[in-house]
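Visitor: sequence unavailable; structure follows:
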Ligand SMILES: Cc1cc2nc3c(=O)[nH]c(=O)nc-3n(C[C@H](O)[C@H](O)[C@H](O)COP(=O)(O)O)c2cc1C
């Protein structure tokens, strides 16, 4: 079993954002549990473990789409309201079989940015684990997705909030090519 797993470096390079192109196939509960357990091993200052996950699958996604659409309507009123975008928010949930709300429950013990950073570390763990298990994912963070109304539908009330959703599923085809600039330009060495 161990020998067939890719190395962490291979998984890091293979992970991609896949906006669309998922099979209409549920993800096994066992895999989701592995992914969420991997997320839980993320670091957090003072071990506050500020992440909260709200999983939508199957028909529950309809309620989520309705929350996105309502949040869109609350965010864009009057001339900014576009009916086709409202409809897209309703329907986007059918793109992938699993939608995980990325909740932040601040402990109040540390600056909020540290706990946002901890949740981001946990999301990356989840995403890498999903990649290693043959799944693809996408972190979406647009206004309707992080809106307080969507957060409430997820059971997250202030000061808790949503940092978006990671949606997951089996990719229908090969993952897109990744692209990065020159990493060496981001480094200052002080030997
Ligand atoms: C916190 C966060 C939020 C993101 N939100 C969005 C989003 O709302 N829409 C989008 O198109 N991509 C979003 N992305 C994905 C990035 O566009 C993507 O990671 C980047 O293009 C690199 O592609 P790769 O993940 O395939 O390497 C988000 C990524 C992060 C880390």
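Guide: Received, thanks. Keep in mind that this is a model prediction, so the values were computed, not measured. Numbering: from 1, shown residues only.

Visitor: enumerate the residues of the chain near the ligand.
Guide: Residues of the chain lying close to the ligand (Cβ under 6 Å from any ligand atom) are 16, 17, 139, 140, 141, 142, 164, 178. No exception for glycine: its C-beta is placed from N, CA and C like everyone else's.

Visitor: let's see if you can find the most crowded of these.
Guide: Counting neighbours by other Cβ atoms under 10 Å, residue 140 leads the residues of the chain next to the ligand with 20 neighbours.

Visitor: you'd agree that one is up against residue 168?
Guide: No - if you go by Cβ atoms under 8 Å, residue 140 and residue 168 don't touch, sitting 11.6 Å apart.

Visitor: surely residue 82 is in contact with residue 73?
Guide: No - counting by Cβ under 8 Å, residue 82 stays clear of residue 73, with 10.5 Å between them.

Visitor: and these two? which has more neighbours close in?
Guide: Each of residue 82 and residue 73 has its neighbours counted (other Cβ under 10 Å); residue 73 has more, 15 against 11.

Visitor: for that one, what are its contacts?
Guide: By Cβ atoms under 8 Å, 6 or more residues apart in numbering, the contact set of residue 73 is 81, 86.

Visitor: and it, what helix or strand is that in?
Guide: Per DSSP states H and E: residue 73 is located in helix 60-75.

Visitor: roughly how far out does that helix sit from the chain middle?
Guide: Distance of helix 60-75 from the chain centroid (Cα atoms, centre = their mean, to the nearest Å) equals 17 Å.

Visitor: name the nearest residue to the residue nearest the centre of the chain, ignoring sequence neighbours.
Guide: Centroid check for the chain by Cα atoms, centre = their mean gives residue 166 as the closest residue, at 1.9 Å. In space, and not counting its chain neighbours, residue 166 is closest to residue 100: 4.7 Å by Cβ to Cβ, 6 or more residues apart in numbering.

Visitor: could you tell me which residues make contact with residue 75?
Guide: Residue 75 makes contact with 143, 144, 147, according to Cβ under 8 Å, 6+ apart.

Visitor: hmm, 10 Å instead?
Guide: Going by Cβ atoms under 10 Å, 6 or more residues apart in numbering, residue 75 touches 81, 89, 142, 143, 144, 147, 149.

Visitor: list only those of those residues flagged as buried.
Guide: Buried members of the contacts of residue 75, counted by 16 or more other Cβ atoms under 10 Å: 89, 144, 147, 149.

Visitor: and residue 18, how many neighbours?
Guide: 21.

Visitor: any idea how far it lies from residue 95?
Guide: Residue 18 sits 10 Å away from residue 95, going by Cβ to Cβ, to the nearest Å.

Visitor: identify the contacts common to the two.
Guide: Counting by Cβ under 10 Å, 6+ apart, the shared contacts of residue 18 and residue 95 are 138, 167, 169.
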